[in-house]
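Peer 1: quick one, structure for this:
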Amino acid sequence: IKLLEQLAFVWDVSITSWNTRYQELREYQAEHGDCLVPTGNRYRYHPNPTLRALGLWVKAQRAEYSVWKSQKGKSSITPERIKLLEQLGFVWDGSIMPSTWWYDQQWNMRYQELQEYQAE
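Peer 2: Just a heads-up that it's a prediction; the model follows:
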């Protein structure tokens, strides 16, 4: 065990995974100014696999929080994780996103692609 720990062996992959996604959310928030990561079916096929995975993670955090809040089952979310997410401005109710939000995101993504194309 000591030899593995000297190599920084990860004993609990779920903690490492949560921390990785949390860091990605921090980066998303720094870039976009919010934590409204796209999670709907329209983003299921987004070309950015990191954004797709982050969206699924955000959706899972909301579901875990709902279970935790209702106290009607076991949840993997902890008060510490809730605090970390809330410090970023995490939105627990994903249904409050504006109806035009997805279209705005698509327009911005295509505009960025156009800029990159013109730069070539």
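Peer 1: any weak-confidence spans in this protein?
Peer 2: 4-16, 40-46, 96-103, 105 (pLDDT under 70).
Peer 1: now do the end-to-end distance for stretch 76-91.
Peer 2: 18 Å (CA to CA, to the nearest Å).
Peer 1: who touches it?
Peer 2: If you take CB atoms under 8 Å, 6 or more residues apart in numbering as the criterion, stretch 76-91 is touched by 14, 18, 22, 25-26, 29, 34-36, 61, 64-65, 67-68, 97. Just so you know, the C-beta spots here come from the backbone N, C-alpha and C atoms, and that holds for glycine as well.
Peer 1: at 7 Å what do you get?
Peer 2: Residues external to stretch 76-91 that are found in contact with it (CB atoms under 7 Å, 6 or more residues apart in numbering): 22, 25-26, 29, 34-36, 61, 64-65, 68.
Peer 1: compare the residues you listed and tell me which is most surrounded.
Peer 2: Neighbour tally across the contacts of stretch 76-91 (other CB atoms under 10 Å): the maximum, 24 neighbours, falls on Gln61.
Peer 1: determine the set of other helices and strands touching the helix or strand harbouring that one.
Peer 2: Here Gln61 sits within helix 49-70, counting by DSSP states H and E. Applying 3 or more CB pairs under 7 Å, 6 or more residues apart in numbering; DSSP states H and E, one finds that helix 49-70 contacts helix 13-32.
Peer 1: list the helices and strands the helix it packs on packs on?
Peer 2: Helix 13-32 packs on helix 49-70, going by 3+ CB pairs under 7 Å, 6+ apart.
Peer 1: whichever helix or strand comes after the helix it packs on vs helix 13-32, what angle?
Peer 2: Where DSSP H and E defines the elements, the next helix or strand beyond helix 49-70 is helix 79-87. Note on geometry: by axes from the mean of the first three to the mean of the last three CA atoms, to 10 degrees, helix 79-87 and helix 13-32 are set 10 degrees apart in direction.
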